[in-house]
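Engineer: Predicted structure and sequence below. I'll ask about it afterward.
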Amino acid sequence: PGCYISPMITHKNDPIGEFYLRGFEYSLNHLKILSEHVQFNNCGVVELGSGKVDKDLSESVVPPAYIEKLSQHEASELSSIKLNSGSLHIKRSGWASPVDLCRANISAFPDNIKTIFSQNILSLEKIGSNWSAIDASGANIASAPVVIITNASDANNFTQTNWVPLHKVRGQLTYLPARNLNIQKMLCYDGGYISPEINGFNYIGATYNRTNMSTDVTIEDHK
């Protein structure tokens, strides 16, 4: 499936919004470099969420070149589906395949990226100027001057990050055969999103459950 790429619509001088905006711009530039090897479509996002549509765009951290307000008719025309309200159109946003992106990065930068799979890292230790990833037997799996921890809530398993107040959230996606649903834009609304056709499917997501951590796919969550 494709991952959703878009800046965060927040007010000016908001550091989180600024962080997401710079990340968005960097992602677009990076995807352009790898475009021959990554499924990527910056088709634009139509945002229907009332809390965002009603924002004063003059106070937004997102520059006018990236965002515009649309009437109900304009939003329906742009999306190729009848909508019941006006929207925001976030230009240059869209989706990309995370699997393609990972593979393309590995292929494009073979001197900088070494992959090691199926290893359970028990701890991180600073040895001299390098960090070492240690497995359950005490073996050093890999060393580097910088470690980026990206194992979600399991980051609390490391002593260096066990103080971070992380919370697990269950998110289930639904894949539907595209058939006659000819959506041209990524549609976001209060509570979720639906993608344009990606390899014959529309992707709908995602649940947001802080109490149920099961990894089982459920009919209730699809509903």
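Structural biologist: Received, thanks.

Engineer: Phi and psi next, for Phe19.
Structural biologist: Main-chain torsions, Phe19, degrees, to the nearest 10: phi -60, psi -50.

Engineer: What is the least confident helix or strand in this structure?
Structural biologist: helix 50-53 (a mean of 80; mean pLDDT, DSSP states H and E).

Engineer: helices and strands around the following helix or strand past that helix, which ones?
Structural biologist: As assigned by DSSP states H and E, the chain's next helix or strand after helix 50-53 is strand 67-70. Judged by 3 or more CB pairs under 8 Å, 6 or more residues apart in numbering; DSSP states H and E, the packing partners of strand 67-70 are strand 87-90. C-beta: built from backbone N, CA, C; applies to glycine.

Engineer: Identify all contacting residues around the strand it packs on.
Structural biologist: The contact list for strand 87-90, computed with CB atoms under 8 Å, 6 or more residues apart in numbering, reads 6-7, 9, 44-48, 52-53, 57, 62, 66-70, 75, 78, 185.

Engineer: for that strand, what is the average pLDDT?
Structural biologist: Computed over strand 87-90, the mean pLDDT rounds to 93.

Engineer: Next SSE downstream of it?
Structural biologist: Next along from strand 87-90, by DSSP H and E: strand 94-96.

Engineer: residues touching Phe117, list them.
Structural biologist: With CB under 8 Å, 6+ apart, Phe117 has no contacts at all.

Engineer: pLDDT weak spots in the protein?
Structural biologist: 1 (pLDDT under 70).

Engineer: As a check, name the ranges of all strands in it.
Structural biologist: 3-5, 40-41, 45-47, 67-70, 87-90, 94-96, 121-127, 130-135, 140-144, 174-177, 186-189, 192-194, 201-205 (DSSP state E).

Engineer: how many other residues sit next to Ala136?
Structural biologist: Other residues lying near Ala136 total 10 when counted by other CB atoms under 10 Å.

Engineer: Gly171 now?
Structural biologist: 10.

Engineer: got it, and Ile121?
Structural biologist: Neighbour number of Ile121 under other CB under 10 Å is 19.

Engineer: Just give the closest residue to it, not the sequence neighbours.
Structural biologist: Nearest non-adjacent residue to Ile121, counting by CB to CB, 6 or more residues apart in numbering: Ala133, 4.7 Å away.

Engineer: who's in contact with that neighbour?
Structural biologist: Contacts of Ala133 (CB under 8 Å, 6+ apart): Gln119, Ile121, Leu124, Asn140, Ile141, Ala142, Ser143, Val147.

Engineer: Kindly recompute the last result at 6 Å.
Structural biologist: Residues in contact with Ala133 (CB atoms under 6 Å, 6 or more residues apart in numbering) are Ile121, Ile141, Ala142.

Engineer: what do you get for Phe158?
Structural biologist: Phe158 makes contact with Leu124, according to CB under 6 Å, 6+ apart.

Engineer: ok, it to Lys168 distance?
Structural biologist: 16 Å (CB to CB, to the nearest Å).

Engineer: again with Ser214
Structural biologist: Taken as CB to CB, the span from Ser214 to Lys168 is 11 Å.

Engineer: now the contacts of Ala133 as a markdown table including distance to Ala104?
Structural biologist: Output for the contacts of Ala133, formatted as a markdown table (distance: CB to CB, whole Å):
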| residue | distance to Ala104 |
| --- | --- |
| Ile121 | 25 |
| Ile141 | 25 |
| Ala142 | 22 |
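
Engineer: Pro15: which of those residues is nearest?
Structural biologist: Closest approach between the contacts of Ala133 and Pro15, by CB to CB: Ile121, at 30.7 Å.
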